[in-house]
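# fold the following and give me the result.
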Amino acid sequence: MGKTLKKTMRRIHKILKGFDHLAFFYKEEFRNIFSDAGVILIFIIAVFAYPLIYGIVYSGEVLKEVPIAVIDQSRTSESRKLVRMLDASEFIKITLEPNSLASGTHSFYRGDIHGLVLIPQDFAKKVLSGKQAHVMVYCDASYFLFYKQVFKGSSYAIGTYSAGVEVRKMEAQGIPPTEALKKRDPIPVITNALYNPAEGYASYVMLGVLILVLQQTLLIGIGMLGGTNRERKRFHFLIPVGQKRGGTIPIILGKSAVYLTIYMVNAIYVLGLVTKIFNFPNRGEFISVALFILPLLLSVIFLAMGLSSIYKNREHSMLVLVFTSIPFIFFSGISWPYESIPAWIKTIAQLVPSTPGIRGILKLDLMGASFSDVINDWLHLWLLTLVYFVFACFMLKQYIKRRIKEQAESIQHNENKTAE
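As a prediction, the model looks like this:
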């Protein structure tokens, strides 16, 4: 009985000691962060500024009044009516009416316009005689946002004009206007843009970008701290704790608690305040989003802590991680359909927290899904959290072993030098 009690007391003492170490490393890491101007720039200023900059840039949501040129070779009342309908579209704006296609093409290549509409000379003649008339639309396909708006605006205007011609023709045959409209469009198509009624670019892309900002700043900032510790040899206090069995756990948990504290506040700012300021989709319940964000942040933190052990100086994290932003965007599926990504790339993408993270946040905040709809992504993030926690502990253990070996070699070298 006495031995069991002593064993239990030792375990309790060990647990309490672990909490003491955790608290120590929490305070130490807090001090390291707020005494490093570069890390403050990444952790706080960048997270504050980037969402605002992106929000201001994308605040227009939908690209409107793209400048185009109309070349009206018909010069008739019918062609002028079509020109007015083109100019009335919210997507395009007629800024030039050149006399020839060559002149319009020159303006196009100069970048003054992003589309050309050519109304041929025989346009009115064919329309009035009941023959099929053609209108040529040239869109700037080098930039798909311009292409989409020019094509959409021109198609709507020409389609509306064409419908009017057909309805007038049927009315001339004695068909009542309402019947003529039904005959012109017997099966009307009613489209509903789900989750993004304005079909805005920002509403779609910004949530993914905001998650990536959180991830990349965490990876870079923690990497800078790791490189700084290596440069300034700030690892002596890790050795007594870290070399013990299970000693890396309170170190990792203590440091990660600091990052989590800061980034939960950052997440509330980014996904709560910024989305409201710019009126981006914010349909998720606060509790659901907070529960989902927790393993996302933890998985990124543990991954960053594991990687930070390999940086020899603070600049290495920038060099290694800055270029990853573009691949991570592709991995998430917001810039190219996820189903169309090659299988081997999708396999790699599963290892990046932002892949399930962006997917889940889009479902919660953009689509207004319930938490049960993102449970697979949530479990995926918890699996990554566990894997990267083990990875961080292993890398820290190896880091401490290398430092102990370096210290022993340094002492031996000094002793040999003294003996000589």
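# for the stretch 1-150 of the chain, what are the low-confidence residue spans?
Residue ranges of the stretch 1-150 of the chain with pLDDT under 70: 1-21.
# quick one: the strands in it?
66-72, 92-96, 115-119, 136-139 (DSSP state E, counting those that start in this stretch).
# and of those strands, who's closest to residue 277?
strand 66-72 (26.7 Å; C-beta to C-beta). The C-beta positions use only the backbone N, C-alpha and C, and glycine is treated the same way.
# re earlier: okay if I get the strands of the stretch 1-150 of the chain as CSV plus mean neighbour count and distance to residue 45?
Conversion of these to CSV gives the following (neighbours: other C-beta atoms under 10 Å; distance: least, C-beta to C-beta, whole Å):
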stretch, mean neighbour count, distance to residue 45
strand 66-72, 23, 35
strand 92-96, 19, 38
strand 115-119, 23, 41
strand 136-139, 18, 41
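# so residue 250 is in contact with residue 28, correct?
No. Using C-beta atoms under 8 Å, residue 250 makes no contact with residue 28, being 11.7 Å away.
# tell me which of the two has more neighbours.
residue 250 (22 against 17; other C-beta atoms under 10 Å).
# before we move on, the earlier item: got the strands of the stretch 1-150 of the chain as a markdown table, with distance to residue 186 columns?
As requested, those are exported to a markdown table (distance: least, C-beta to C-beta, whole Å):
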| stretch | distance to residue 186 |
| --- | --- |
| strand 66-72 | 32 |
| strand 92-96 | 29 |
| strand 115-119 | 29 |
| strand 136-139 | 26 |
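# residue 210: which of those strands is closest?
That would be strand 66-72 among the strands of the stretch 1-150 of the chain, by C-beta to C-beta, at 27.2 Å.
# give the other helices and strands that the closest one contacts.
Applying 3 or more C-beta pairs under 8 Å, 6 or more residues apart in numbering; DSSP states H and E, we find strand 66-72 packed against helix 77-88, strand 92-96, helix 101-110, strand 115-119, helix 144-172.
# what lines up beside that strand in the sheet?
strand 92-96 (parallel), strand 115-119 (parallel) (DSSP bridges).
# turn those strands into CSV, including distance to residue 257.
Listed next are the strands paired with strand 66-72 as CSV, based on distance: least, C-beta to C-beta, whole Å:
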stretch, distance to residue 257
strand 92-96, 54
strand 115-119, 55
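# residue 262: which of the ones you listed is closest?
strand 92-96 (46.0 Å).
# ok, and what's touching the closest one?
65-70, 83, 86-87, 104, 107, 112-113, 115, 149-150, 153-154 (C-beta atoms under 8 Å, 6 or more residues apart in numbering).
# before we move on, the earlier item: which one of the strands paired with strand 66-72 lies nearest to residue 289?
Here strand 92-96 is closest among the strands paired with strand 66-72 (C-beta to C-beta), at 38.2 Å.
# any idea how many residues pack against the residue nearest to residue 81 when sequence neighbours are not counted?
In space, residue 81 comes closest to residue 161 once its chain neighbours are excluded; the distance is 7.0 Å by C-beta to C-beta, 6 or more residues apart in numbering. Residues lying near residue 161 (other C-beta under 10 Å) number 20.
# over to residue 158?
Neighbours of residue 158 (other C-beta under 10 Å): 18.
# isn't it right up against residue 81?
No. Residue 158 lies out of contact with residue 81 (C-beta under 8 Å); the separation is 11.5 Å.
# now do the helices in the stretch 201-350 of the chain.
Along the stretch 201-350 of the chain, counting by DSSP state H, counting those that start in this stretch, helices occupy 201-231, 239-242, 248-268, 275-277, 286-308, 315-321, 325-332, 343-349.
# lowest average confidence across the ones you listed, which one?
Among the helices of the stretch 201-350 of the chain, helix 239-242 has the lowest mean pLDDT, at a mean of 52.
# coming back round to it: okay if I get the helices of the stretch 201-350 of the chain as CSV plus distance to residue 182?
As requested, these are arranged in CSV below (distance: least, C-beta to C-beta, whole Å):
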stretch, distance to residue 182
helix 201-231, 35
helix 239-242, 79
helix 248-268, 53
helix 275-277, 44
helix 286-308, 46
helix 315-321, 61
helix 325-332, 46
helix 343-349, 48
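# wait, which of those is closest to residue 372?
helix 286-308 (9.6 Å).
# what packs against the closest one?
helix 201-231, helix 248-268, helix 315-321, helix 354-361, helix 375-419.
# please identify the most buried of the ones you listed.
helix 354-361 (a mean of 25; mean count of other C-beta atoms under 10 Å).
# can you pull the domain assignment for the protein?
16-58+203-419, 66-184 (automatic domain parsing).
# any chance of these in TSV, plus distance to residue 197?
Listed next are these as TSV, based on distance: least, C-beta to C-beta, whole Å:
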stretch	distance to residue 197
domain 16-58+203-419	9
domain 66-184	15
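# looking at those, which is closest to residue 193?
Closest among these, using C-beta to C-beta: domain 16-58+203-419, at 10.0 Å.
# can you pull the contacts of the closest residue to residue 66 other than its chain neighbours?
Leaving aside its sequence neighbours, residue 66 sits nearest to residue 149 (C-beta to C-beta, 6+ apart; 4.8 Å). Applying C-beta under 8 Å, 6+ apart to residue 149 gives the contacts 63-64, 66, 91-92.
# most packed of the helices and strands packed on strand 66-72?
strand 115-119 (a mean of 23).
# name the residues that touch that one?
66, 68-74, 79, 82-83, 86, 92, 101, 104-105, 108, 135-140, 146, 150, 154.
# now swap in stretch 55-69 and tell me
Contacts of stretch 55-69 (C-beta under 8 Å, 6+ apart): 86, 90-98, 104, 107-108, 112-117, 145-146, 148-150, 153-154, 198-203, 205-206, 274, 277-278, 280.
# and if you look at stretch 153-169?
Contacts for stretch 153-169 (C-beta under 8 Å, 6+ apart): 66, 68, 81-82, 85-86, 88-92, 115, 117, 127, 130, 135, 137, 139, 177, 180-181, 184-185.
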